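[1] output the structure for:
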Amino acid sequence: MTTAKICILIAIAAYLIMMIVVGILCSKKNNNVDDFYLGGRKLGPLVTAMSAEASDMSGWLLMGLPGLVYLCGIAEAAWTAIGLAIGTYFNWLIVAKRLRNYSASIGAITIPEFFSKRYKDNTKILMVASAILIIIFFIPYTASGFSTCGKLFSTLFGIDYHVAIIVSAIVIVLYTAMGGFLAASTTDFIQSIVMTVALVIVLVFGINVAGGWDAVVENAKSIPDYLSLTSTTDGAGNTVSYGAMSIVSTLAWGLGYFGMPHILLRFMAIESSDKVKISRRVGSIWVVIAMSVALVIGAVGLAMSKVEPSMVLADSETVVVSIADLLSKYGVILALLAGIILAGILASTMSTADSQLLAAASAISQDLMVGGFKINITQKTKMIIARVTVIAIAILGVIFAWNPDSSVFRIVSFAWAGFGGSFGPLMLFSIFWKRTNKWGAMAGMISGGVTVIAWHYAQGGLFSLYELLPAFIVSSFFIVVVSLLTKKPEQEIIDKFEEVKSMK
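    Numbers count the residues shown, from 1 in each chain. Down below sits the predicted model:
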């Protein structure tokens, strides 16, 4: 192994060890399942903001987004970023504070439990149904994170893929199972810093190698439609129109935020609703800056390919990895910086995987076993079950990710649509429309999920629209119609809604 590779490995190992140490420290603060799954609602505004956005960004920020710009130009990536930025801001603006107050008022520590207690569903059907949806979508979603970690180590160091995913899963499970939500959120905060540092290093170094900012701009301008927002390329140099349907479909990604359990949990966990405004500003600004830099890195990488042969890439999504590899050849110090960049990619993946792991585990142990099946156990036993469930979900995730050539990554966009279509409209109606009842809630959740599945497998014409948008519309329609056609909520439910509404 070369000196550069050793330096990279040292930087990544130091980062992984730091994550485990955080898990050990946070484990001492978990006295009950409320602490384990929601951090005792004690998250500060900065940790809340950055952990929410880090758990959202995933590996696509440092791999997918720059890779798309490198290969196809700015259009699709820019509209995706715009949709996600708008969704992020409005999720903080209209959902965060109301959900924090509502969940605290009714004593809910998970999303399924929130829906169940919000509508006083004594049958627990809402809780069980939403918990099952979380399990269905999050297990393969978590697997995609393990797979990304495995492929990164395998590509860089020649480590066997299966050994790499097992090691990655063990590290994530260690700090998540020990420290729970507080550990996941704290490590996500650290990971957001690592991701930011990685983006800055890649940007500065890349522009320098490309010959300066003017060279990057001139190269982009020389490629037909590269900077166009209404045209893109197919990766082979052929121009493709990026029309209104494509733009609307891409922007619709922003709707998914209203239904993402691992993001919504951060809103529920902030120490005070008064701190939401600070979190909103920090989180929104970071997302805009991070995605903007990621877009520029794609164009920088392409400009680098004109002067650096190693940047002519067969796989565009490796643009950041390739820049880091190039950086590592300029001495020990820069090799350590390259390690930080690669740790940033690892961080972006781990920050999502730990949150998904915890959400899926809570759906089984807290919502199904304790809430749905009403198993009467002590707090100590609940904590043991919670940790065992985290390990069990991780094992399933490793099994899903075992085949390095599997299509598990295609499930990511499908899962985003699934959560956005099933939970998004229901969350908005739950906190803003007091006439919503449990029958409308159930109808909206099921119709949204079914529409996502049906639309996903349909072909051509209108069905080329991203399935999240039609699912969101269908779910909203069923929530309103079924709620109005069935008995209105009990007065106690309406009184609680008005009480939460009046909270400042």
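[2] might you list the low-confidence residue ranges for the stretch 101-250 of the chain?
    Across the stretch 101-250 of the chain, residues meeting the criterion (pLDDT under 70) sit at 155, 234-237.
[3] all helices for it, in order.
    Counting by DSSP state H, counting those that start in this stretch, the stretch 101-250 of the chain has helices at residues 111-118, 125-157, 161-210, 213-222, 244-251.
[4] could I get those as JSON lines with distance to residue 99 and mean neighbour count?
    (Glycine included, C-beta is placed from N, CA and C.) Compiled in JSON lines, those are given as follows (distance: least, Cβ to Cβ, whole Å; neighbours: other Cβ atoms under 10 Å):
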{"stretch": "helix 111-118", "distance to residue 99": "8", "mean neighbour count": "26"}
{"stretch": "helix 125-157", "distance to residue 99": "15", "mean neighbour count": "23"}
{"stretch": "helix 161-210", "distance to residue 99": "16", "mean neighbour count": "22"}
{"stretch": "helix 213-222", "distance to residue 99": "41", "mean neighbour count": "14"}
{"stretch": "helix 244-251", "distance to residue 99": "23", "mean neighbour count": "16"}
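[5] how about these, which one is nearest residue 77?
    With Cβ to Cβ as the measure, helix 244-251 is the member of these nearest residue 77 (9.1 Å).
[6] which helices and strands sit right next to the closest one?
    Other helices and strands packing on helix 244-251, by 3 or more Cβ pairs under 8 Å, 6 or more residues apart in numbering; DSSP states H and E, are helix 75-90.
[7] who touches the helix it packs on?
    The set of residues external to helix 75-90 that reach it, using Cβ atoms under 8 Å, 6 or more residues apart in numbering, is 53, 56, 65, 68-69, 225, 228-232, 242, 246-247, 250-258, 280, 283-284, 287-288, 291-292, 294-295, 298.
[8] show the buried residues in the residues you listed.
    Neighbour-count burial (16 or more other Cβ atoms under 10 Å) is assigned, among the contacts of helix 75-90, to 53, 56, 65, 68-69, 225, 228, 231-232, 242, 246-247, 250-258, 280, 283-284, 287-288, 291, 294-295, 298.
[9] mind checking which of those land in helices?
    Within the buried ones among the contacts of helix 75-90, residues falling in helices by DSSP state H are 53, 56, 65, 68-69, 246-247, 250-251, 280, 283-284, 287-288, 291, 294-295, 298.
[10] from residue 304, how far off is residue 291?
    Look at residue 291 and residue 304: by Cβ to Cβ, to the nearest Å, they are 20 Å apart.
[11] could you do residue 338 as well?
    Distance from residue 338 to residue 304, by Cβ to Cβ: 15 Å.
[12] and if you look at residue 400?
    Distance of residue 400 to residue 304, given as Cβ to Cβ: 35 Å.
[13] more neighbours, these two?
    residue 304 (28 against 19; other Cβ atoms under 10 Å).
[14] report the contact partners of that one.
    The neighbourhood of residue 304, defined by Cβ under 8 Å, 6+ apart, consists of 206, 209, 210, 311, 323.
[15] for the residue nearest to the second one when sequence neighbours are not counted, what are phi and psi?
    Right, the one you point to is residue 209. In space, and not counting its chain neighbours, residue 209 is closest to residue 304: 5.2 Å by Cβ to Cβ, 6 or more residues apart in numbering. For residue 304, the backbone dihedrals (degrees, to the nearest 10) come out as phi -60, psi -30.
[16] for residue 314, same thing?
    Residue 314 adopts backbone torsions of phi -80, psi -30, taken as degrees, to the nearest 10.
[17] what pLDDT is listed against it?
    Looking at residue 314, its pLDDT stands at 79.
[18] and if you look at residue 410?
    Confidence at residue 410, expressed as pLDDT, is 60.
[19] which residues does residue 56 contact?
    Contact analysis of residue 56 by Cβ under 8 Å, 6+ apart lists 88, 257, 260, 262, 263, 287, 352.
[20] okay, the spatially closest residue to residue 109 that is not a sequence neighbour: pLDDT?
    Nearest residue to residue 109, sequence neighbours excluded (Cβ to Cβ, 6+ apart): residue 38, at 4.5 Å. Note for residue 38: predicted pLDDT of 70.
[21] any idea which element residue 38 lies in?
    Taking DSSP states H and E as the definition, residue 38 sits inside helix 33-38.
[22] host element of the spatially closest residue to residue 258 that is not a sequence neighbour?
    Closest residue in space to residue 258, ignoring its immediate chain neighbours: residue 424 at 3.8 Å, by Cβ to Cβ, 6+ apart. Element membership of residue 424, judged by DSSP H and E, is helix 410-432.
[23] that helix versus helix 111-118: what angle between them?
    Relative orientation of helix 410-432 versus helix 111-118 (axes from the mean of the first three to the mean of the last three Cα atoms, to 10 degrees): 20 degrees.
[24] can I get the CA coordinates of helix 410-432 in PDB?
    Presented in PDB, the C-alpha positions along helix 410-432 are these (Å, rounded to 0.1, in the frame of the first residue of the first chain):
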ATOM      1  CA  ARG A 410     -32.900   2.300  -7.600                       C
ATOM      2  CA  ILE A 411     -35.000   1.800  -4.500                       C
ATOM      3  CA  VAL A 412     -33.800   5.100  -3.100                       C
ATOM      4  CA  SER A 413     -35.900   7.400  -5.300                       C
ATOM      5  CA  PHE A 414     -38.800   5.000  -5.000                       C
ATOM      6  CA  ALA A 415     -38.500   5.100  -1.200                       C
ATOM      7  CA  TRP A 416     -38.400   8.900  -1.200                       C
ATOM      8  CA  ALA A 417     -41.600   8.900  -3.200                       C
ATOM      9  CA  GLY A 418     -43.100   6.300  -1.000                       C
ATOM     10  CA  PHE A 419     -42.600   8.300   2.200                       C
ATOM     11  CA  GLY A 420     -43.500  11.600   0.500                       C
ATOM     12  CA  GLY A 421     -46.700  10.200  -1.000                       C
ATOM     13  CA  SER A 422     -47.800   8.200   2.000                       C
ATOM     14  CA  PHE A 423     -46.800  10.400   5.000                       C
ATOM     15  CA  GLY A 424     -46.400  13.900   3.400                       C
ATOM     16  CA  PRO A 425     -50.000  14.900   2.800                       C
ATOM     17  CA  LEU A 426     -51.100  13.200   6.100                       C
ATOM     18  CA  MET A 427     -48.500  15.100   8.100                       C
ATOM     19  CA  LEU A 428     -49.700  18.500   6.600                       C
ATOM     20  CA  PHE A 429     -53.400  17.800   7.100                       C
ATOM     21  CA  SER A 430     -52.700  16.400  10.600                       C
ATOM     22  CA  ILE A 431     -51.200  19.600  11.900                       C
ATOM     23  CA  PHE A 432     -53.200  22.100   9.800                       C
END
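[25] how far off helix 410-432 does the helix or strand following that helix point, in degrees?
    Using DSSP H and E, the helix or strand that follows helix 410-432 towards the C-terminus is helix 438-457. Calculated by the same axes, to 10 degrees, helix 438-457 forms an angle of 160 degrees with helix 410-432.
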